[in-house]
Structures are given as C-alpha cells and as structure tokens.
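In: Provide a 3D model corresponding to the input given below.
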Amino acid sequence: MKILFLTQYFYPDVASTGQLLSELAKGLSEKNVLVEVITAAPSYSYKIPSLKKENYFKVKIKRIWSFRLSKNNRVGQILNSTTFFANAFVKLIIKKNLSNLLIVSNPPFLPFLGIFLKKLKGVKFIFLIHDVFPEKAVKLNYLNQNSLIVKFWNFMDRKLLFSASKIVVLSETMKVLIEKKFDKIGLTEKEKISVIHNWADEEFIKPSEEKSIEFRKEYNLGEKFIIQYSGNLGASYELEKIIEVAETLKNEEYIFLIIGDGVKKNKLMKMRADKNLSNIIFLPYLEKNLLPYSLVSTDISLITYESKLEGLLMPSKLYTILASGKPVIALCKKGSEIDRIIVESECGFTIDNDLEEFAEKIRDLANNRVLRERLGKNARKYFEMNYTLKKSIGEYYSIIKDLYKE
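Out: The predicted model follows:
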C-alpha cells in the first residue's frame, strides 16, 4: 500500500501538525505502508535547515518552494500558504504514478487539490480535518459570512466532501458538525467519516521527576509553582485570560510559563508590560526533544480555545498534557469535548469564562499536593487507554487498507 501526505508542515518543523504527521508517517511505514510526503521547508516559528529531498526513517520527503515569511501576521500566513498550494498543484499534476493521498485541512484551501486530482488523475484521497473551514475563518472575523469568498468556499467545500473517499475528524463534536454538512448537501455516505483523535507518543512523553528537575534547573525555575501553557499562541485560543489571572494572582508565589509563538504573542507580551507583571515568563517554541522535559516541569497545565470554535478544532496539546501526567485546567465551555474528556478522566477542571473561579482552582491545586498527584495519575491513565500513538496508527492503517479495498 502507498500513501502520499500533502502537508505544509512536516519534520523537522515545530508546528503540532508537522510533528503529528511525522509520527504518523513513521508509524505507518513501520507497518509496511510506502509513505511519501510533499511539504514545504520548515518555517512555522523559525527557519530550520532542511534538504529538498531526504528520508525520515523509511519516509521519503520532497520539499517544494514556498515563501517562508513570519506566521505571526496574516499576510505572512497567506503568502506562505498560497505559494505552497500553487507549487504543490504543479508538482502533483506532473507527477507520474501518483498514489492515494492524505491531505490536511491546513492551509485551509489545500484540500481543494484533492478535487482536481481525483478528476484529472483518478486518485483517491483521505481528507484529514484539523480545523473546519470556512466556518472557523468566519467565527474569527477573518471573513464575512455573506461575502463572495465564503460563498465560493462553501461551493468548493461541498465538492470536497463529495470527492473525498475518507474523511477523518478529530472529535465527536467535529463529526456531528460534518454530518450536518452532509445533511445540508444531501450526502448520505456518513460511514466515510471516522473519528480519530490526535495523540502523543506514549514512550516519548511520560511523567518524570528527573526531567522536571533538569528543565527547571536549565531555566532557573527552581522550586517555584508553575502554571504552564505550551503551544500555538494563535487567534483560536483565548489566551488573554491567562494574563488576567496572572494579574489577579500577582502577589502570590506562582509563575505563569507561556511557551510558543503565534499571532497573539505580541499582544500578550504587551499586556504583561502594561500590567507590569513579573510572574509571567515567555519562552519561544522549544525543539521537540525538549518537550518531555518542559511538559513534566509544570504543576498545572492549561488548555484554552475560543468557545465559539467548539467543534471547529481540537487542541492537540490536550494529548501531550495527558501523557505528561499533570492536572489540567481548561478554559472552555461546560459540555464541550474538552470538558467531557476532563470529566471522564477526572484529571482537572473546566472553567467557563469565570476569572475568579480560574484563580480559585489554581489556589486549590497549589495548596493540595495530594489532589495534584491524583489528577495527574488519572490523566496518564486515561491517556494510555485512549490516545496513544500506537492506537492512532492502527486506526489510520485500517482506513488506508479500506481505501485499497474499494
């Protein structure tokens, strides 16, 4: 069996999409699937040296040209994505013996290539939905619901859903949303929609007091009580609440450690400066080999996203947090997918836009080591039952195998 991944982000890029797909590609290749990747040169947070062609274990990578501008502004994001899209289209059209494809929803118009390639070359493709468009762009006020762009996008989206042989979504709420799209356009083949959650590598990230001590020593954190957010500082995430709660708790012995980059980083740093807060530390994206150290060094891990985006995305940081065995505070709506997981796993708390409750839960956890340890153990246990790399690879392998049976 052969599969070609089409993704803007792949090894050694620091984007979560790139890291997840790199692990998936390697895992599938170990199950004797021939995996190729067409991707761009790393540029998500900083430019990492890379070759135009190389092998990642058994996976063959081909990197095509695109702009590598800063993703911390919309113009840079758009130019990077559109040039990758255009170049990928040309490369795939002229490529001989094109195999079945796995196409990721980011950048958002990239999956449209699947429509053309199916018509022109008869290839099947798996549509992997990390974010639901154009709805996400409308919710974030990037586009107007009644604009010509959104109308055209909806038209292409209908064709995309019809053309895809398989559709993979990241959560049950996302599946419900896609099923509603199916109903709206009269598409009845709902069996081609599969829920496969993202994952963490159970051997790579695991609880470790030794690694926690090493990371704290490296960054002069000592014995401080740390509340950590690690990941994309993008428009989809309600990160301002972290700065606000840090202000509420500024006279208490807590450090808020924010690791990552994105369009909101400058805003968050300005908020810290305007409020004259000394209890917030910013770090850039860390190399992947440091994640097993940084994630276990915290006392509380934070997850947040804009509540209006429920069902339109699923934060991949959830899985690495659960793997690290740390208690979780999630800033999201009660009844959301994240809330359901936290309630089922008994690994933390969900805060629905209540700053006082947010501060109080931090204090409760800070003052109760036994509770923190219990919630952390629950997190790891739930992760091992549901979200391991091995489990997800098996689920993707089954879908690819089904693709060849059709």
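
In: From the centroid of the protein, which residue is nearest?
Out: In the chain, the C-alpha nearest the mean C-alpha coordinate belongs to Ser316, at 3.9 Å (Cα atoms, centre = their mean).

In: quick one: the strands in the stretch 251-400 of the chain?
Out: In the stretch 251-400 of the chain, the strands defined using DSSP state E, counting those that start in this stretch lie at 254-259, 280-283, 300-304, 328-331, 348-351.

In: What lies in contact with the fourth one?
Out: By that I understand strand 328-331. For strand 328-331, the surrounding residues in contact (Cβ atoms under 8 Å, 6 or more residues apart in numbering) are 227, 238, 241, 300-305, 318, 321-322, 338-339, 342, 347-351, 353, 358, 361-362, 365, 375, 379. Bear in mind the C-beta positions are built from the backbone N, C-alpha and C, glycine included.

In: where does Pro108 fall, phi/psi-wise?
Out: When read as degrees, to the nearest 10, the backbone of Pro108 gives phi -60, psi -30.

In: Next one, pLDDT for it please.
Out: On pLDDT, Pro108 comes in at 86.

In: Identify the residues contacting it.
Out: By Cβ under 8 Å, 6+ apart, the contact list for Pro108 reads Ser81, Asp131, Phe133, Pro134, Lys136, Ala137.

In: The longest helix along the chain: what's the following helix or strand?
Out: Longest helix in the chain by number of residues (criterion: DSSP state H): helix 74-94. Toward the C-terminal end, the helix or strand that comes next after helix 74-94 (DSSP states H and E) is strand 101-104.

In: still on that earlier bit, columns mean pLDDT on top of the strands of the stretch 251-400 of the chain, output as TSV?
Out: Shown next, in TSV, are the strands of the stretch 251-400 of the chain (pLDDT from 0 to 100):
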stretch	mean pLDDT
strand 254-259	96
strand 280-283	96
strand 300-304	95
strand 328-331	95
strand 348-351	95
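
In: Make a markdown table from the ones you listed and add mean neighbour count to it.
Out: Shown next, in a markdown table, are these (neighbours: other Cβ atoms under 10 Å):
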| stretch | mean neighbour count |
| --- | --- |
| strand 254-259 | 21 |
| strand 280-283 | 17 |
| strand 300-304 | 25 |
| strand 328-331 | 24 |
| strand 348-351 | 24 |
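
In: and of those strands, who's closest to Asn146?
Out: For Asn146, the closest of the strands of the stretch 251-400 of the chain is strand 300-304, at 29.7 Å, according to Cβ to Cβ.

In: Which residues does that closest one contact?
Out: Outside strand 300-304, the residues that reach it (Cβ under 8 Å, 6+ apart) are 226-230, 237-239, 241-242, 295, 315, 317-318, 321, 324, 326-332, 338, 362, 365-366, 372.

In: now do stretch 266-286
Out: Counting by Cβ under 8 Å, 6+ apart, stretch 266-286 makes contact with 14, 44-46, 72, 219, 233, 239-240, 242-243, 246-247, 249-250, 254-261, 265, 294, all of which sit outside it.

In: again, but for stretch 75-90
Out: Stretch 75-90 is contacted by residues 6, 8, 38, 40, 43, 64-71, 107-110, 113, 116 when judged by Cβ under 8 Å, 6+ apart.

In: can you give me how far stretch 75-93 is from the chain middle?
Out: Chain-centre distance of stretch 75-93: 21 Å, with Cα atoms, centre = their mean, to the nearest Å.

In: where in the chain is pLDDT low?
Out: In the predicted model of the chain, residues 45-46, 72, 406 satisfy pLDDT under 70.

In: about what we covered before: relative to Gly18, which of the strands of the stretch 251-400 of the chain is closest?
Out: Among those, strand 254-259 comes nearest to Gly18, with 16.8 Å by Cβ to Cβ.

In: Ramachandran angles for the residue lying farthest from the centre of the chain?
Out: Using Cα atoms, centre = their mean, the residue of the chain lying farthest from its centre is Asn251. It sits 33.6 Å away. Main-chain torsions, Asn251, degrees, to the nearest 10: phi -90, psi 10.

In: Okay, it and Ser307: tell me how far apart.
Out: Distance, Asn251 to Ser307, using Cβ to Cβ, to the nearest Å: 29 Å.

In: circling back to that earlier point, in helices only, show me the contacts of Pro108.
Out: Going by DSSP H, the helices hold Ser81, Lys136, Ala137 from the contacts of Pro108.

In: before we move on, the earlier item: can you name the residues that contact the residue nearest to the centre of the chain?
Out: Counting by Cβ under 8 Å, 6+ apart, Ser316 touches Ser16, Thr17, Leu20, Asn198, Gly231.

In: Name the nearest of these relative to Phe127.
Out: Of all the contacts of Ser316, Phe127 sits closest to Thr17, with 14.4 Å by Cβ to Cβ.

In: pretty sure the closest one is in a strand, no?
Out: No. Applying DSSP: H, G, I helix; E, B strand; the rest coil, one finds Thr17 to be helix, outside a strand.

In: Could you tell me how many residues sit around the nearest residue to Glu310 once chain neighbours are set aside?
Out: Distances taken as Cβ to Cβ, 6 or more residues apart in numbering place Ser336 nearest to Glu310, at 5.2 Å, with adjacent residues excluded. When neighbours are defined as other Cβ atoms under 10 Å, Ser336 has 20 of them.

In: how about Ser336, phi and psi?
Out: Main-chain torsions, Ser336, degrees, to the nearest 10: phi -80, psi 170.

In: ok, it to Glu306 distance?
Out: Ser336 sits 11 Å away from Glu306, going by Cβ to Cβ.

In: ok, now which ones touch Leu51?
Out: Going by Cβ under 8 Å, 6+ apart, Leu51 touches Arg63.

In: still on that earlier bit, please pick the buried ones from the contacts of stretch 266-286.
Out: Using 16 or more other Cβ atoms under 10 Å as the burial test, the contacts of stretch 266-286 include 14, 44-45, 72, 233, 239, 242-243, 246-247, 249, 254-261, 265, 294 as buried.

In: from what I can see Lys377 touches Gly325, true?
Out: Yes. Judged on Cβ atoms under 8 Å, Lys377 makes contact with Gly325 at a distance of 6.5 Å.

In: if you skip the residues just before and after it, what's nearest to Ile93?
Out: Spatial nearest neighbour of Ile93, chain neighbours left out: Leu120 (6.9 Å); criterion: Cβ to Cβ, 6+ apart.

In: shouldn't that neighbour be in contact with Ile94?
Out: No. Contact criterion Cβ under 8 Å: Leu120 and Ile94 do not qualify, at 11.1 Å.
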